[in-house]
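>>> A structural model of the following input is requested.
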Amino acid sequence: MRIVQISDLHIGEKGDDSPVGVKMLANVVKTIAHINQLDPQPDLVVINGNITSNGTIEASMHAREVLDALNCPYKLVPGPNDERQTLFGAFGDKATANEVGGVLSYLVEGFPMRLIGLDSLGHHGVGGRVCPKRLNWLNTHLSSDTSVPTIIFTHHVPMKIGVAVADADGFDNGENLGAVVAQYSNINRILCGHINLATHTAWQGTIVTSAPSMGIPSGLQEGEAPAPAYHLHQMGEHGDLVTRTVFVA
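Modelled structure (predicted):
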């Protein structure tokens, strides 16, 4: 199984002619074209949130139009720049609500690996938080089969990474999520976005991988925005993931 991971696209409303809007849209279009040329094609593209720049229905519909150019299926979770209801209105089949009520968390089946999209949006601000209902929902799905290789994908990185600007608005209760994750040895990876920086960190018996930038500088970068990039994850014969960062020229 091959999974592409991208994040923080910041797609604006159609016709957005701001310098940032034009640049980010060009980066996304270029990245999609690059992914469409992969051989073999990925089985799935995972998008870790901040799909839109401002959360409006117009931006969400524009993002849907842009992302539907992908030749392979894709799934997404929301980031703080998105608005849950408008995102669901535009991407209902790509971001499915669940019984937790009002959040965009869901289970993806039909692949050699089980994927769980986990909505990490808190009530206010840009930081992440997973409420007890979402944690119970996650634990229920994880405990239903403790043998199948599993990936959790969410927006926020659940622990501090030593970058002040990223850690300042990180996960409010990452230790609560960690207590659930630590119970399951079959969680191969947690895929995140938010920090615009490619990182890999051992955490609670698994590996947390954050997506590289789509063209927005991280807290470790200054000056000109970086070239857009994505992660390509390939499943090995024992259910492990080999990860490669691919830069889009």
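>>> how many neighbouring residues does residue 175 have?
11 (other CB atoms under 10 Å). The way it works is simple: take the backbone N, C-alpha and C, and place the C-beta from them, glycine included.
>>> may I see the buried residues of the one helix or strand it maps to?
For residue 175, the element it lies in under DSSP states H and E is helix 174-181. Buried residues in helix 174-181, counted by 16 or more other CB atoms under 10 Å: 174, 176, 177, 178, 180, 181.
>>> tell me how far residue 10 lies from residue 18.
11 Å (CB to CB, to the nearest Å).
>>> looking at the two, which has the bigger crowd around it?
Using other CB under 10 Å, the more surrounded residue of residue 10 and residue 18 is residue 10, with 23 against 10.
>>> pull the longest helix from the protein.
helix 19-36 (DSSP state H).
>>> got a list of contacts for that one?
With contact meaning CB atoms under 8 Å, 6 or more residues apart in numbering, helix 19-36 is reached by 4, 6, 9-12, 16, 42, 45, 53, 66-67, 69-72, 214-216, 225, 228, 230, 246, 248.
>>> would you mind checking these for buried ones?
Among these, those classed as buried by 16+ other CB under 10 Å are 4, 6, 9-12, 16, 42, 45, 53, 66-67, 70, 72, 214-216, 225, 228, 230, 248.
>>> so which of those are in helices?
Those of these lying in helices (DSSP H): 66, 67.
>>> tell me the contacts of residue 212?
196, 197, 198, 226, 229, 230, 231, 245.
>>> quick one: which of the residues you listed is the most crowded by neighbours?
Ranking the contacts of residue 212 using other CB under 10 Å puts residue 230 first, with 26 neighbours.
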